[in-house]
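Colleague: Could you look at this predicted model? Sequence included:
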Amino acid sequence: MIGLVDGNNFFVSCERVFDPSLEGKPVAVLSNNDGCVISRSYELKALDVPMGMPWFQLRKLVDRHGIVVRSSNYELYGDLSRRVIAVLREFSDRVEQYSIDEAFVHAAISDPEECLRFGREVRKAVLEWVGVPCGVGFAPTKTLAKIANHIGKKTPGGVYALPADPSPVLERIPVGEVWGVGRRLAPQLEAIGLRTARDLAEADEDELARRFSVVVARTASELRGVPAVDGAAAEPAQRSIACSRSFGRPVTEFEELRQSVALYLAEAAEKLRSERLKATSATVYCQFYPEYEPTRREGGADSVLVPFERPTSSTPELVKRTAPFLEAIFRRGRRYKKTGVILSCLDGDDGEQADLFADTRKEERADRLSAAMDRINGRFGKGTLFSPAQGIEKPWRMKRSFLSPAWTTNWDEIPEVR
């Protein structure tokens, strides 16, 4: 069976781990630059505050209902997510992380009662060891596990195992709520009479593939309990690592743009090294706003792919190799709202061809320097040691007016027990 473990209101739950005063209160976590609501406590949902409500609208309700607002603390959420995955790996040697708050756990269990027992143990361990409540759903396929998890979150124990015949359950699930269908596809399926998950499960696969896509046909197959991919297949190796952020204000100067790219390269490279990977190329992209005066110009984005002669995970090397290409895509006079980098990776040394004329001593020095920086930042807090290319003041950084402390990633902000 496959179990889907999903953190309940994950960002809010992470905030509550280190601030118990938030328990029982309506809590909202805002998106980049405190734009809109992206995570809600159950108490906030009870006030009919929808997901995606803009902050300027929510602000009017804060005092009236005692709403607590937090900016997205990605460092905290990412660290607690890693801890949750570590706990799950204590129970299974096959854990596939699907998103920051979701992971599939493969268990050699078929009996529903045994699944419920196993799920309760997992849920209890995550709650006690990390502090994050979660729901767990078991089913033969990932698509059905998604449905089981959705039901499990609404049950008192937080765990649910789909019965051998899931038809009565699927009959109550609108087709638009099936994983992989979505709002755009749902009306098309409903137009041909497929209104529930059961309708989709019983539809002809060949007809679905012909009228829609192979993906839809595979979804129908998974709803019947047939995995779309062989369960014994190995998990694919990670092939890319990305890092991006929106600016706290429009950026027009090239130097600030360059600093942001250097910072995101450093953050992506640190993750690269933690996974023991090396980058074979980097894609840098910059998004800019539309303009309305003095003439109308559309918004958009520019990007550049920078291939490397030799794979690397060194931060200075990544910054050095991408810097000459950045100015080529910079548009003077445009107001930029976001930059980002994507590192394409090799899995360790696989596929890397040795260069007879490469200066290996220089590469080794660069690797040792990066490793030393990682150790220092790991011991004294993220950002303790950084490259001057990332800038000192960073006035362009994302606005987070309601940011909670970096409880687990900064020595200066670690909570004290008195």
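Modeller: Perfect, I can see it now. What you see is a predicted model, and the numbers here were worked out from it, not measured in a lab. Numbers count the residues shown, from 1 in each chain.
Colleague: which residues of this structure fall in strands?
Modeller: Taking DSSP state E as the criterion, the chain contains strands spanning 2-7, 27-30, 37-40, 68-71, 95-99, 102-106, 134-139, 159-161, 240-251, 278-288, 300-312, 336-346.
Colleague: Those into CSV, with extra columns for mean neighbour count, distance to Cys115 and mean pLDDT?
Modeller: (Each C-beta comes from the backbone N, C-alpha and C, glycine too.) Conversion of those to CSV gives the following (neighbours: other C-beta atoms under 10 Å; distance: least, C-beta to C-beta, whole Å; pLDDT from 0 to 100):
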stretch, mean neighbour count, distance to Cys115, mean pLDDT
strand 2-7, 26, 7, 94
strand 27-30, 25, 31, 96
strand 37-40, 20, 28, 95
strand 68-71, 20, 35, 96
strand 95-99, 15, 16, 89
strand 102-106, 20, 11, 93
strand 134-139, 27, 4, 95
strand 159-161, 26, 4, 94
strand 240-251, 17, 34, 90
strand 278-288, 21, 40, 92
strand 300-312, 15, 42, 90
strand 336-346, 21, 35, 89
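Colleague: how about those in a markdown table, adding distance to Met51?
Modeller: As requested, the strands of the chain are exported to a markdown table (distance: least, C-beta to C-beta, whole Å):
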| stretch | distance to Met51 |
| --- | --- |
| strand 2-7 | 16 |
| strand 27-30 | 10 |
| strand 37-40 | 6 |
| strand 68-71 | 15 |
| strand 95-99 | 15 |
| strand 102-106 | 16 |
| strand 134-139 | 17 |
| strand 159-161 | 23 |
| strand 240-251 | 19 |
| strand 278-288 | 23 |
| strand 300-312 | 26 |
| strand 336-346 | 22 |
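Colleague: closest one to Arg198 among the ones you listed?
Modeller: Relative to Arg198, the nearest member of the strands of the chain by C-beta to C-beta is strand 134-139, separated by 14.4 Å.
Colleague: list the helices and strands the closest one packs on?
Modeller: Strand 134-139 is packed against strand 2-7, helix 112-129, helix 142-152, strand 159-161, with contacts defined by 3 or more C-beta pairs under 8 Å, 6 or more residues apart in numbering; DSSP states H and E.
Colleague: List the buried residues of stretch 378-391.
Modeller: Within stretch 378-391, the residues scored as buried using 16 or more other C-beta atoms under 10 Å are 381-383, 386, 389-391.
Colleague: distance of Val304 from Arg334?
Modeller: Distance, Val304 to Arg334, by C-beta to C-beta, to the nearest Å: 16 Å.
Colleague: Centre of the chain to stretch 173-193, how far?
Modeller: In terms of C-alpha atoms, centre = their mean, to the nearest Å, the centre of stretch 173-193 is set 24 Å apart from its chain centre.
Colleague: Now do it: everything it contacts.
Modeller: 142-143, 146-147, 150, 194-200, 211-212, 215-216, 219, 223 (C-beta atoms under 8 Å, 6 or more residues apart in numbering).
Colleague: so where do the helices sit in the chain?
Modeller: With DSSP state H, the ranges of helices along the chain come out as 10-18, 42-45, 55-65, 74-88, 112-129, 142-152, 167-170, 182-191, 197-201, 205-211, 214-223, 254-274, 315-329, 360-380.
Colleague: Tell me where this protein is predicted with low confidence.
Modeller: 229-238, 346-360 (pLDDT under 70).
Colleague: mind giving me the domain ranges of it?
Modeller: The chain resolves into domains spanning 2-161, 167-223, 240-390 when parsed by automatic domain parsing.
Colleague: right, so those: which one is the most enclosed?
Modeller: Comparing the domains of the chain by mean neighbour count (mean count of other C-beta atoms under 10 Å), domain 2-161 comes out on top with a mean of 18.
Colleague: Ends of it, what's the gap?
Modeller: Start and end residues of domain 2-161 are separated by 10 Å (C-alpha to C-alpha, to the nearest Å).
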